[in-house]
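Asks: Task: produce atomic coordinates for the following.
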Amino acid sequence: MASDTVENIERLPAAEIESTISSVKKMLMVGAVFAVVGYLLIGFALFLELTEFHPLLDAFFGEQTQHSLAGGGPDRAGDGALNSQLAAIHSFPSMLLWLKLGGIGHILVGIFVALAAIVRVLSLMPHRLSYEMQRAQETAAASGGDASPADD
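Replies: The predicted structure is shown next:
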């Protein structure tokens, strides 16, 4: 029964295997580029958060002791500085969230491409193994020895 399934498998030509391996290398490079871009986006978001957003919050809470981040407090209507500070603060979280989610998305795409490359390589393993077994048998036959293990 096992020999029936082995006889039905057709080996891929060596050129097609090598072509697939070269395309797998390209897939891994694309996956690595996506992952690097993702890490850069997340790193930039954290950099902006630590260097611009947190100091902006500290300045707001230091200067505007009677107002909240929601804009509540006494006599807000005539205070242009307060309104500009609140506008700057309220624009940051959406940008930071976009950068972090974009980074995570890029990293996940990179991982997916790398996993697809791994699946392609694993699907080639039986074909590459058959070529290696044939080469081992030819080497053993040329040296005059038997490539099969001894029967016990």
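Asks: what about the residue nearest the centre of the chain, which helix or strand?
Replies: Taking C-alpha atoms, centre = their mean, the centroid of the chain lies closest to Gly110, which sits 2.6 Å from it. Gly110 belongs to helix 80-143 when elements are defined using DSSP states H and E.
Asks: hmm, back to that, wait, doesn't the residue nearest to the centre of the chain sit right on Met27?
Replies: No. In this structure, Gly110 is not within contact of Met27 by C-beta atoms under 8 Å, at 10.4 Å. Every residue, glycine included, has its C-beta placed from N, CA and C.
Asks: and the direction of the helix or strand encompassing Glu18 versus that of helix 80-143, what angle?
Replies: According to DSSP H and E, Glu18 maps onto helix 14-48. If you take axes from the mean of the first three to the mean of the last three C-alpha atoms, to 10 degrees, helix 14-48 sits at 160 degrees to helix 80-143.
Asks: Show me what the helix holding Gly110 is packed up against.
Replies: Counting contacts by 3 or more C-beta pairs under 8 Å, 6 or more residues apart in numbering; DSSP states H and E, helix 80-143 packs against helix 14-48, helix 54-63.
Asks: which one of those helices has the most crowded surroundings?
Replies: Greatest average neighbour count among the helices and strands packed on helix 80-143 goes to helix 14-48 (a mean of 15), per mean count of other C-beta atoms under 10 Å.
Asks: hang on, the earlier thing: okay, the helices and strands packed on helix 80-143 in a markdown table with mean pLDDT and distance to Ala140 next?
Replies: Shown next, in a markdown table, are the helices and strands packed on helix 80-143 (pLDDT from 0 to 100; distance: least, C-beta to C-beta, whole Å):
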| stretch | mean pLDDT | distance to Ala140 |
| --- | --- | --- |
| helix 14-48 | 90 | 20 |
| helix 54-63 | 82 | 70 |
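Asks: could you redo these as TSV and give each row distance to Leu97?
Replies: Formatted as TSV, the helices and strands packed on helix 80-143 follow (distance: least, C-beta to C-beta, whole Å):
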stretch	distance to Leu97
helix 14-48	8
helix 54-63	16
